[in-house]
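Chemist: Please find the sequence and the predicted model below.
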Amino acid sequence: MLRSLPIAWRLTVLVLLGAGIVLGVVSLVSYTSARDLLEKQKRAEFAAATAATANRIDVVGRAVEKITEGLAVTVDDTEPAPARARAMVRRTVRDNDELYAAGIGYEPALYDNFAPYAYDPSGQYGGTATNGSSGSDQVVVTDLGKDGRAYEVGDWYQLPFQTRHAVWTEPYYQEGGGDVVLATYAVPVHLRDDKAPVSAVVTGDISLFWLRRLLQNIDVGDSGYAFLISKNGTFIAHPDPGFIMNQSIFSVAAARNDAQLRAIGQKMTAGGSGYVLFDGLRSMKADGASWLAYRPVASTGWSLGLVVSDSAISADVVALNRIQWGIALVGIAALLVITLLIAGTITRPIRGLDAATHALASGDLGAPLPKARGRDEIARLTSSFSQMRDDLERHIDELRESTAVQERMHSELRIAAGIQMDLVPRTFPAFPERRDLDLFATLVPAREVGGDFYDFVEVDDDRLCMAIADVSGKGVPAALLMAVGRSFLRSFVREGGSPAEVVRALNEEIAAENEASMFITMFLAVADMHTGEVRYASAGHNPPFHVTADGAATQVPRVRGVALGARPGMAYDEGTLKMAPGDVLFLYTDGVSEAMDADNVMFTEPRIGEELATAVVGGASCESVVQHMLAAVRSHADGVEQFDDVTMLAFRYLGAEE
Amino acid sequence: MRRAVLILAAVLCAAAALGAGLWSGVHKADAAVPTSRVRLVLQWSPQAQFAGYYLALEKGFYRKEGLDVEIIPGGPAIDSLAYLQGGKAEFATAFLSGAVTAAASGARIVDVCQVVNRSNLLLVAHRKTVKDRDDLHGARVTLWGSSFRAAYLGYFQAAGVKPTILPQFFSVNLFLTGGADACAAMSYNEYETIIQSGVDPGDLTVFSLRDNGFGFPEDGVYTTSETARDDPDLCRAFAQASLQGWAYCRAHPSEAVDSVMRHAREAHVPTNAVHQRWMLEHILASIYPGEADAWKPGVLSRVDYERTRAVMIGQGLIESAPSYETFVEKGARSAP
Amino acid sequence: MEVETAGEVTLVTLPARVDTTSAGDVEAEFRGMLDEGARKLVADFAANEYVSSAGLRVFLSVLKALEKDGGKMVLCSMQPFVADVFEISGFSGLFTIVASREEAVVAF
């Protein structure tokens, strides 16, 4: 399927696929490692912030413990002097900003329900005042046991009283209403002479208002928050004021049916530290994945929790990832453009070549080729193509030329054949009104015209001239020479010369201008119809056969004579023979005697004689004689292509006409 | 005197209603009905334990009975029966054992409506130190004040264990911090508080007094003997309206919890809706009898009273107590 | 075609057939020799069986070119058939024809 796409798109798709995969892997790896790194970092920051804040709270807790214990140490009189006791608690509160209140709860039965208590409604850490004024003069001293109030029922008294050691109480609302939430450090004291193990409980109270402010000021990002829970899990500080004192981490877990949250609460109240993913604690409903870092406040036994939403932690990573994806997309887009451009530099010349090919194929060799730029494969292809085009052009021209040449040649041959055929008489019977002779001749030309000819003409009433000739060479020149030869022959014969004279004159004419060294062999005979006497001359030609009526075939005796045209000034002899009525004179060219079969075996002259003997017997017509000889030659050749013209002339003397 | 006023008021109200015809809407067509102003003091701070009374007030059940009720919230500083005796309230809620103790000391109080007939008292112990009843021997156990201790002491005696009793006031923190091995708890209150302080039920051993034969009725509505004698209709009316309030809570628990939360917030009582819901459900279960239970809401049976009195005398908490007829107002008595 | 030189004489051994197909090559070779200045040519017909009229034409043409430059051509070792061809055509009178190669070499 990919194969069917254009190269530019295939390249682009593959490159983008490859790049996309690489990018994707790189992105994934870098995202996960960045996320892990960021998370670790955030966790560390988070844990550090939690630890720092827990420490700050712890510092105050320890300060309160120290102060209270200090106060407890000074309470050692056997009999508490009320004035002194009151002064002590006042001074303690005045001198220590951390304290909201301090008190001494004496054992009610032993010490007459005396419980001095000093508190400062304002102050840096105390009360509901927002401005920090160290208002020493605002300290109020009271007696918790006034009017017989049973102060000993409070946890601050009972717990140290029953357990004999100092304790931080759970936070509680200050008596008398209002929003002041306090936590008390209570130290049991044993006065020197007392029988009871605990004589009094010395207390230091801190107001938890400042805690809320402290936690509000912690930087946990826009969506983060902090909370503080007591040893029982009750919220001391929380972004939702409605949670404070009313809910515990366990009651929220119960309302949500959240077992994980309950377990977290147990870990926190057990004094653990941790970092956990949970469903958030901002409200009664689960509010999305959040990270909780918690640490104990060692002194008071509380636990501090800092919460940050998971999305806030991963916000940085998500932003980073988005940037990465943005870059990746831009990169891929740029890659797309570049790839298409590069692909274009390949496909454009290819398309140009393709178009040129089409043009070339349709015959337009002049079609413009794309320019070969540079030296890369495309450039080489283009120049090769151009080269091929030029070669093709040349080749086509050569082909045209040779075709033209062949055409010319063929037409030449046709012309030559035409000339040849035009020059030999072909009407038979040749002399229908004469009864003293029978004459038949045939010329079977070879494929390439050989230039043979025969001719016969009445010299006068009594004499017939016969000639057979073989022009050396082939084609038009041979045909032309034959034409020339025949013309001269006719004209010389008409002038009345003897055969020898005619031949000699012919030689002079033909040898005169003979650059090509062409020659003609010729046998010329003049037969007298009265007497049957035949006078002949030969210019290098095969001697014809004289066949008697009873089948004796002999070759005519040779006479001196060089082929016509070889050299001027040659002498030619003349011969005579006598024909009895019924004798046949058989003229032929070497196309007959030298006709070859597949083994290059020639027909040979003796064979001609043999065949003639058979053909002539019984007074067969000259035509049948010639046909017989033709058949014999053909059967000898047995399908081998005729190489030379086969020319035969048979003349039978029938006796003088009465 | 009051009775005459009441009758007159009722007649006038009926006449006005007939004369005016139908009056739809939210208006309560009882403006012309003369009402008695009564004060109800509760035995503790606002919580679902008293939901019925709040709803009876809000839903106008008291008003329908011709009562204009003011609810005085209780708390650690307030003794509801003392308020009653001191004339600061006409009705008061109180624990049965507390009322019996007061009556034994000469208080002239009468039970007009026994609301909670089933005991909700538990003894909750750390499983680590107390695995079974015998481990209670010598264990440090915190118990509420004398009037609440009767059932526990009877149980210990019957079980043959002698724990060290420490006082328990208004928190279970001594128990939670490990200063005590066990504590007294109401199933509808302190038990849930303990769980919501992070202690898993699997870490606790819980003894139910009821399951061990020491369950006695608890909350009831009391008035002075004088009021009961002089105005039994008032007492009946109050009891009826109160029970209607409880019936409404049973039918509309969410609304009841909302009402309770409002009162709690007003009184700056630290609590939450989940805790109050728990409390309401358990209180209702101890008000309304199940299929196997024999009691009737609002009625204190003779058997239960006799049993309670017997245990208290047996534990030496009281020397004697009034008779059933003296203690229980006629409308709250069981069938003979 | 085998070509030998014996002094000034160039001896050419003709192929088995000198006909229309081979006549052109034979003529070209002879012409080449003439161009190189050969004036005394011996054509050895020992291996030759057949000469056509085209072949005869070649010899005539070479003879005329040689004689124009004052050269001479001798034919030798003809087989009977070929000798007869030369006889009939009368070319035997135009060429010096000897029986053997040795005689041809000294026939100049």
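Modeler: Done, it's in.

Chemist: as a whole number, average confidence for the helix or strand hosting A:Arg634?
Modeler: Here A:Arg634, judged by DSSP states H and E, is contained in helix A:622-637. Average pLDDT, helix A:622-637: 92.

Chemist: which other residues reach that helix?
Modeler: A:428, A:438-442, A:444, A:584, A:586, A:588, A:592, A:595-597, A:603, A:607-608, A:611-612, A:614-616, A:620, A:646, A:648-652 (CB atoms under 8 Å, 6 or more residues apart in numbering or on different chains). C-beta here means a position set from N, CA and C on the backbone, and glycine is covered the same way.

Chemist: at 7 Å what do you get?
Modeler: Contacts to helix A:622-637, defined as CB atoms under 7 Å, 6 or more residues apart in numbering or on different chains, come from residues A:428, A:438-440, A:442, A:584, A:592, A:595-597, A:603, A:611, A:615-616, A:646, A:648, A:650-652.

Chemist: Just the buried ones out of the residues you listed, please.
Modeler: By neighbour count, with 16 or more other CB atoms under 10 Å in any protein chain shown, the contacts of helix A:622-637 hold A:438-440, A:442, A:584, A:592, A:595-596, A:603, A:611, A:615-616, A:646, A:648, A:650-652 as buried.

Chemist: From those residues, which land in strands?
Modeler: A:Asp438, A:Leu439, A:Phe440, A:Thr442, A:Val584, A:Val646, A:Met648, A:Ala650, A:Phe651, A:Arg652 (DSSP state E).

Chemist: Let me know the closest of the residues you listed to chain C.
Modeler: A:Val646 (14.2 Å; CB to the nearest CB).

Chemist: I figured that closest one hits A:Ser593, correct?
Modeler: No: under the criterion of CB atoms under 7 Å, A:Val646 makes no contact with A:Ser593, lying 10.2 Å away.

Chemist: ok, the residue nearest to A:Gly582 when sequence neighbours are not counted to A:Ala580 distance?
Modeler: Spatially, and ignoring its direct neighbours in sequence, A:Gly582 is nearest to A:Ala549 (3.4 Å; CB to CB, 6 or more residues apart in numbering or on different chains). Computed as CB to CB, to the nearest Å, the A:Ala549 to A:Ala580 distance reads 7 Å.

Chemist: if you count what's nearby, which of the two comes out ahead?
Modeler: Neighbour comparison, A:Ala549 and A:Ala580: the larger count goes to A:Ala549, with 17 against 10 (by other CB atoms under 10 Å in any protein chain shown).

Chemist: Dihedrals phi and psi, the more buried one?
Modeler: phi -60, psi -30 (degrees, to the nearest 10).

Chemist: A:Leu144 now?
Modeler: Backbone torsions for A:Leu144, taken as degrees, to the nearest 10, come to phi -60, psi -20.

Chemist: That one against A:Ala118, yeah?
Modeler: No: contact criterion CB under 7 Å: A:Leu144 and A:Ala118 do not qualify, at 10.8 Å.

Chemist: Touching both of these two, which residues are there?
Modeler: With CB under 7 Å, 6+ apart, A:Leu144 and A:Ala118 have common neighbours A:Gly103.

Chemist: Between these two, which is the more surrounded one?
Modeler: A:Ala118 (25 against 22).

Chemist: in which helix or strand would I find the spatially closest residue to that one that is not a sequence neighbour?
Modeler: Computed as CB to CB, 6+ apart, the closest residue to A:Ala118 that is not its neighbour in sequence is A:Val89, at 4.0 Å. Using DSSP H and E, the element containing A:Val89 is helix A:82-95.

Chemist: who's in contact with that helix?
Modeler: Residues from elsewhere that reach helix A:82-95 (CB under 7 Å, 6+ apart): A:67, A:71, A:74, A:99, A:101-104, A:114, A:116-120, A:136, A:139, A:141.

Chemist: Could you check how far A:Ala571 is from B:Thr227?
Modeler: 195 Å.

Chemist: neighbour count winner among those two?
Modeler: Comparing A:Ala571 with B:Thr227 by neighbour count (other CB under 10 Å), the higher total belongs to B:Thr227, at 23 against 11.
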